[in-house]
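Undergrad: just the structure for this:
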Amino acid sequence: MDDRAYQHLADDALKHIEDSLKDVDAEDVDCERAGDVLTLTFKSGARCVVNTQRPTRQMWLAANARAWHFAWEETAKKWIDDKGQKGADGAPLDLFGAVARIVHESSGLTVRVG
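TA: The predicted model follows:
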């Protein structure tokens, strides 16, 4: 994938996450984007950070003292965990599923991302 295609996919991913939280009270989950970094801050003060990693053409996610790296999987049309971790449903862990799980664990809210 070239730089332009990567940037388009990465921007879309950040926008999808932002859009999934647009109707959520900012006191529960505050969503702030600065360039290629999206920070979710929860009522408890905990944070979740999603950012692009242009050199590796990945999306990185950090929350609750953990970190994940997601690579674009063209066949699935998803950002998939590069370590092969599985989601709760047994399918490969994807970026949007991981963010939704973190939001739920950190705020009790159920959101659909993507």
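
Undergrad: longest helix anywhere in this protein?
TA: helix 3-20 (DSSP state H).

Undergrad: what's the average pLDDT for it?
TA: The average pLDDT within helix 3-20 is 97.

Undergrad: what's the answer for stretch 56-65, then?
TA: On average, stretch 56-65 scores 96.

Undergrad: mind checking how far that stretch is from the chain centre?
TA: Remark: stretch 56-65 is offset 8 Å from the chain centroid, using C-alpha atoms, centre = their mean, to the nearest Å.

Undergrad: number the residues from 658 up from this point.
TA: Renumbered: residue one is now 658, and that last one reads stretch 713-722.

Undergrad: what sits up against it?
TA: With contacts defined as C-beta atoms under 8 Å, 6 or more residues apart in numbering, stretch 713-722 is touched by 658, 663, 667, 670, 703-710, 724-729, 736, 739, 752, 755-756, 759, 762-763. The C-beta positions use only the backbone N, C-alpha and C, and glycine is treated the same way.

Undergrad: and V706, which of the three is it?
TA: strand (DSSP: H, G, I helix; E, B strand; the rest coil).

Undergrad: for the closest residue to it other than its chain neighbours, pull up the helix or strand it's in.
TA: Nearest non-adjacent residue to V706, counting by C-beta to C-beta, 6 or more residues apart in numbering: A719, 4.9 Å away. Using DSSP states H and E, A719 sits in strand 715-720.

Undergrad: and A728, by the same measure?
TA: In the assignment (DSSP H and E), A728 maps to strand 723-730.

Undergrad: circling back: which among the contacts of stretch 713-722 count as buried?
TA: Taking 16 or more other C-beta atoms under 10 Å as the criterion, what is buried in the contacts of stretch 713-722 is 663, 667, 670, 705, 707-709, 725-729, 736, 752, 755-756, 759, 763.

Undergrad: didn't S764 look like it was pressed against V686?
TA: Yes - if you go by C-beta atoms under 8 Å, S764 and V686 touch, sitting 5.4 Å apart.

Undergrad: so what sits against both of the two?
TA: The contact sets of S764 and V686 overlap at 699-700 (C-beta under 8 Å, 6+ apart).
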